[in-house]
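Asks: Sequence first, predicted model second:
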Amino acid sequence: MAYWLFKSEPATWSWDQQVAAGEAGTYWNGVRNHLAKKHLMAMQVGEQGFFYHSNEGKAVVGIVAVIRPYYPDYTDESGRFGMVDVKAVAALPRPVTLDAIKAEPDLAGMVLVNNSRLSVQPVSEAEWVRVRAMGGLG
DNA sequence: GCCAACGTTGGC
DNA sequence: GCCAACGTTGGC
């Protein structure tokens, strides 16, 4: 089981909208980066990821689960990129801010810290457990 | 196939 | 709103 982190600007697609999409979830489109694509392709149904608000908020705010594996992104005219479907699983009782992550030495290796521009990132199990705990989920 | 120019992202 | 970092594009 791998863990992931999905970045979204709340002005474009927010956690509240993800929650409103309910059990049916939504497609995670718009990825136009080959490394991010590689991560999308590696995702298995049932794997979970953090939902991160970039720019405005700058915090991990919730957890999503992959409900449909990689398939073509019809919004990509080049036909090169794809997407997965995700649904909201749980909100973090306390959002974990980028500042809090940067202040935590155990999380210094997170992709979010070292390659903040990557829109779909892998998260290690240790990072997953730690950020969940910081967010108030056991 | 190299690399300069350009566009985009996202933290500050 | 600025700008650094990075990815992509296109000329050669």
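Replies: Good, I have the coordinates. Numbers count the residues shown, from 1 in each chain, chains lettered A, B, ... in the order given.

Asks: Residues of chain A that sit close to DNA strand C?
Replies: A:Arg32, A:Asn33, A:His34, A:Leu35, A:Ser78, A:Asn115, A:Arg117, A:Leu118 (CB under 7 Å from any atom of the strand). C-beta here means a position set from N, CA and C on the backbone, and glycine is covered the same way.

Asks: near DNA strand B too, which of those residues?
Replies: Answer for the residues of chain A next to DNA strand C near DNA strand B (CB under 7 Å from any atom of the strand): A:Arg117, A:Leu118.

Asks: Could you tell me which of the residues of chain A next to DNA strand C belong to helices?
Replies: Using DSSP state H, the subset of the residues of chain A next to DNA strand C located in helices is A:His34, A:Leu35.

Asks: Which parts of chain A are helices?
Replies: Going by DSSP H, chain A shows helices at A:15-20, A:34-42, A:98-102, A:111-114, A:125-134.

Asks: Among the ones you listed, single out whichever gets nearest to A:Ser8.
Replies: With CB to CB, the closest approach to A:Ser8 among the helices of chain A belongs to helix A:15-20: 8.1 Å.

Asks: which outside residues touch the closest one?
Replies: Helix A:15-20 is touched from outside by A:Thr26, A:Phe51, A:His53, A:Val61, A:Gly62, A:Val64, A:Val86, A:Lys87, A:Ala88, A:Ala91, with contacts defined as CB atoms under 8 Å, 6 or more residues apart in numbering.
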